[in-house]
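**Student:** Okay, predicted coordinates and the sequence, questions at the end:
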Amino acid sequence: MTQPFTLVGTAHPKPERTEDLRRLLLSFVEPTRQEPGCLEYHFHEDRNEPGVFVFYEAWRSEADLNAHLALPHLRDFWERRMDYLERDLEIRYLTMHSPYDPREERAENTALIVDNVHAPHGH
């Protein structure tokens, strides 16, 4: 597998728009995870700074990320983002030094299957 294209973003919403932004960003999670090239897409809230949102994205390639960002709902968000934010999004593009190994995923899935087969039923 080629090296994933990853990023971490942080959003500092205006206090009066925190809940609106939370709902909006949460609405992006499941559709994004279904997109071609999306390896991981996670949305978090800072435990030490409630209301500060952090998202982590891993894409198969930069082209896959760019296709995601070109979708109408994301272009619309990008144009309107400052309606929600105290300051612009902080985005860090990352180089992954621990790329995914498809064998690890297969091993995890095999372990789950074996555990389910050997688990006692109803005892």
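**Tutor:** Yep, that arrived.

**Student:** Return the helix or strand in the chain with minimum mean pLDDT.
**Tutor:** Within the chain, no helix or strand scores below helix 102-118, which has a mean of 49 by mean pLDDT, DSSP states H and E.

**Student:** what residues does whichever helix or strand Arg23 is part of touch?
**Tutor:** When elements are assigned from DSSP states H and E, Arg23 belongs to helix 18-33. Here helix 18-33 makes contact (Cβ atoms under 8 Å, 6 or more residues apart in numbering) with 11, 13, 38, 41-43, 45, 51, 53, 55, 57, 68, 73-74, 77, 84-85. For glycine as for every other residue, the C-beta is placed from the backbone atoms N, C-alpha and C.

**Student:** again with stretch 57-66
**Tutor:** Contacts of stretch 57-66 (Cβ under 8 Å, 6+ apart): 1-2, 4-9, 32, 35-42, 68, 96.

**Student:** Those in strands, which ones?
**Tutor:** Those of those mapping onto strands are 5-9, 38-42, per DSSP state E.

**Student:** Skipping its backbone neighbours, what lies nearest the spatially most central residue of the chain in space?
**Tutor:** For the chain, Tyr41 is the residue whose C-alpha lies nearest the centre (Cα atoms, centre = their mean; 2.0 Å). Distances taken as Cβ to Cβ, 6 or more residues apart in numbering place Thr32 nearest to Tyr41, at 4.6 Å, with adjacent residues excluded.

**Student:** Can you report how many residues lie near that neighbour?
**Tutor:** 19 (other Cβ atoms under 10 Å).

**Student:** And for Glu49?
**Tutor:** As a burial measure, Glu49 scores 11 neighbours (other Cβ under 10 Å).

**Student:** Could you dump the ones in strands among the contacts of stretch 57-66 into TSV and include pLDDT and distance to Ile91?
**Tutor:** Listed next are the ones in strands among the contacts of stretch 57-66 as TSV, based on pLDDT from 0 to 100; distance: Cβ to Cβ, whole Å:
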residue	pLDDT	distance to Ile91
Phe5	91	12
Thr6	94	11
Leu7	96	6
Val8	97	7
Gly9	97	5
Cys38	96	17
Leu39	94	17
Glu40	94	16
Tyr41	96	14
His42	97	15
